[in-house]
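[1] What follows is a predicted structure for the sequence shown.
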Amino acid sequence: MTHTVHFRVWRGDAEGGGLADFDVEVNEGEVVLDAIHRLQATQAPDLAVRWNCKAGKCGSCSAEINGRPRLLCMTRMSVLDLTAPVTITPLRAFPVLRDLVTDVSFNYAKAREVPAFVPPPGVAPGEYRMRQEDVNRSQEFRKCIECFLCQDVCHVVRDHEENKTAFSGPRFLMRVAELDMHPLDAAAETGLDRKSTAQEEHGLGYCNITKCCTEVCPENIKITDNALIPMKERVADRKYDPLVWLGSKIRRR
Ligand code: SF4
Ligand code: F3S
Ligand code: FES
């Protein structure tokens with residue numbers, strides 16, 4: 001069945017812009033990206049939209065549908081209220097390049113600030129041994145497709161550009177947590193303290209567990225419960241455990 005849907009699509013660039021109105025034919029079973037492609041093909045050939053896989057795996061087609069961060073290719077038209085206009089806007093937390101395309105380089109800069117896994121000394125690849133539950137934890141975090149929807153929705157940066165220097169966002173705090181909980185990571189032996197970097201360099205303390213990041217994650221990663229809260233607990237244990245506190249004082253002498 002085909003019907004006509006009224007869309008309001010943000011058009012503009014870094015200088016400014018606004019919502020433009022379009023009526024687009026939509027067929028049963030289609031996703032929002034199908035409608036955007038039809039809009040490009042029939043009425044707005046210069047509309048800028050980033051996409052690649054159309055299968056929810058490349059993380060390119062992130063935008064906001066009726067104000068909620070979503071993947072355009074994984075949002076079925078049928079889940080939207082089609083009696084009202086469907087509003088499509090670019091990710092709000094990042095600077096607009098053109099139309100629905102934003103500059104997400106903030107995320108790449110934050111990614112570079114997380115030092116990589118440090119292999120354990122004296123153990124060759126292939127000889128690593130881990131418990132299955134440790135493998136499962138890493139595997140959940142590794143499902144991330146870097147769509148940055150969680151980065152976009154988090155209130156710490158969404159309307160607070162000034163926090164971006166001090167806060168890396170849920171995706172990269174999750175990466176730090178993954179490495180800190182990794183039983184084979186030998187960063188500490190090189191003098192790298194992932195707990196203190198989580199707090200002091202990546203702004204873990206800014207997160208007040210609103211869980212909006214978890215709600216928008218298309219991979220259903222439990223970012224808050226499985227990464228951010230455990231990381232907060234690890235940092236707090238360190239701070240308030242009297243033995244750990246005493247040890248750190250002695251080591252500093
Ligand atoms: Fe996207 Fe989820 Fe990865 Fe965040 S954690 S970037 S929402 S896949
Ligand atoms: Fe932001 Fe997620 Fe924490 S939305 S406040 S990082 S729980
Ligand atoms: Fe790849 Fe949507 S086009 S995730």
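    Good, I have the coordinates. Ligands and ions are numbered 1, 2, ... in the order given.
[2] Show me the contact partners of stretch 172-182.
    With C-beta atoms under 8 Å, 6 or more residues apart in numbering as the test, stretch 172-182 has contacts from 107, 110-111, 113-114, 117, 134, 137-138, 141-142, 144, 168, 185, 187, 194-195, 197-198, 202-204, 207, 221, 223, 227-228, 230-231, 234. C-beta: built from backbone N, CA, C; applies to glycine.
[3] chain center to it: distance?
    Offset of stretch 172-182 from its chain centre (C-alpha atoms, centre = their mean, to the nearest Å): 14 Å.
[4] Check stretch 219-230 too.
    When C-alpha coordinates are averaged (C-alpha atoms, centre = their mean), stretch 219-230 and its chain have centres 12 Å apart.
[5] so does it get close to ligand 3?
    No. Residues of stretch 219-230 are not located near ligand 3 by C-beta under 6 Å from any ligand atom, the shortest gap being 10.5 Å.
[6] Check what contacts that stretch and list those residues.
    137, 140-141, 143-145, 150, 170-171, 173-174, 177-178, 181, 204, 207, 209, 211, 213-214, 217.
[7] what do you get for stretch 151-159?
    Applying C-beta under 8 Å, 6+ apart, the contact partners of stretch 151-159 are 62, 64, 69, 91-94, 104, 106-107, 163-164, 167, 169-171, 203, 206-207, 210, 212-213, 215-216.
[8] Could you tell me which of those count as buried?
    62, 64, 69, 91-94, 104, 106-107, 163-164, 167, 169-171, 203, 206-207, 212-213, 216 (16 or more other C-beta atoms under 10 Å).
[9] Can you list phi and psi of Arg76 for me?
    The phi/psi pair for Arg76 (degrees, to the nearest 10) reads phi -70, psi 140.
[10] show me which of the contacts of stretch 151-159 neighbour ligand 2.
    By C-beta under 6 Å from any ligand atom, the members of the contacts of stretch 151-159 lying near ligand 2 are Pro170, Cys207, Thr210, Cys212, Cys213.
[11] hang on, the third one is in a helix, isn't it?
    No. In this structure, Thr210 is coil, not part of a helix, as judged by DSSP: H, G, I helix; E, B strand; the rest coil.
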